[in-house]
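Visitor: no sequence on hand, only this structure:
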C-alpha cells in the first residue's frame, strides 16, 4: 500500500506483528481505516475481548477505527412494518490504494491466520475498487461507531443515529453483564481465538 488501506473484518486480533504493520503503514503516511464488530455486534465475545486489548495502541498509531452498530440494519416485515434488526458484520475484505480488492474468508485473527484453511481473491480493478471505497466511506458513519482516544486515555465512541451525533463512553449498545463477560474472557488464550 502506498496511500490507503481500508479493512473490513468481523474478528480483528492484530497481535504484536499486525500492530507493527499498522504502525509502519501510518509512519509511511498510509491512511488506514479498520471496520470491525463492536461488542454489541460480535457473536464471539472472547474474540472481542482479545481485540479490545489492542484498541488503544491501534488508535495511538493513527488508525481510523470503526465498530459496527447493532442497530444499523432495518428489517421490514411482510406487512411493511419496520422492525429492529441486529447487525453482525461478516464481510472480510480489504481495499488497497483504490486499485486492488482483497475479498475472501480470511479474518484478521489467530484462528484464521494460523489454524484454519482460508482463501481469498486479489482483484486488480481501479474502477471497482474506487467505487467500493467511495460507497463504503460514505456509508460508514451511518453503520458504525468511530472509536477515538480521549486525552486522558479513555475510549469514546461517536455515532450518527437518526441524524443526531451521539457520544458513548462505554461499549455502546451493551449491558453491564455483556461488558463484564468481555472483561472476564480476556483470560482466554489469544492464539486459539
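Guide: Arrived safely. Just so we're clear, the structure is a prediction, and the values are computed from it rather than from any experiment.
Visitor: okay, CA-based contacts and neighbour counts for the rest of this
Guide: Will do.
Visitor: okay, now residue 180: neighbour count?
Guide: As a burial measure, residue 180 scores 10 neighbours (other Cα atoms under 10 Å).
Visitor: ok but it is inside a helix, no?
Guide: Yes - according to DSSP: H, G, I helix; E, B strand; the rest coil, residue 180 belongs to a helix.
Visitor: measure the residue of the chain positioned farthest from its centre to residue 72 for me?
Guide: In the chain, counting by Cα atoms, centre = their mean, residue 79 sits farthest out from the average C-alpha position, at 33.6 Å. The gap separating residue 79 from residue 72 is 21 Å, by Cα to Cα, to the nearest Å.
Visitor: same check, this time on residue 178
Guide: From residue 178 to residue 72 the distance is 19 Å (Cα to Cα).
Visitor: what's the answer for residue 150, then?
Guide: Applying Cα to Cα to residue 150 and residue 72 gives a distance of 25 Å.
Visitor: so for the two, which sits in the more crowded spot?
Guide: residue 72 (16 against 11).
Visitor: same for the lengthiest helix in the chain, what does it pack against?
Guide: Longest helix in the chain, counting residues (DSSP state H): helix 126-143. Helix 126-143 is packed against strand 93-96, strand 100-104, strand 155-161, with contacts defined by 3 or more Cα pairs under 8 Å, 6 or more residues apart in numbering; DSSP states H and E.
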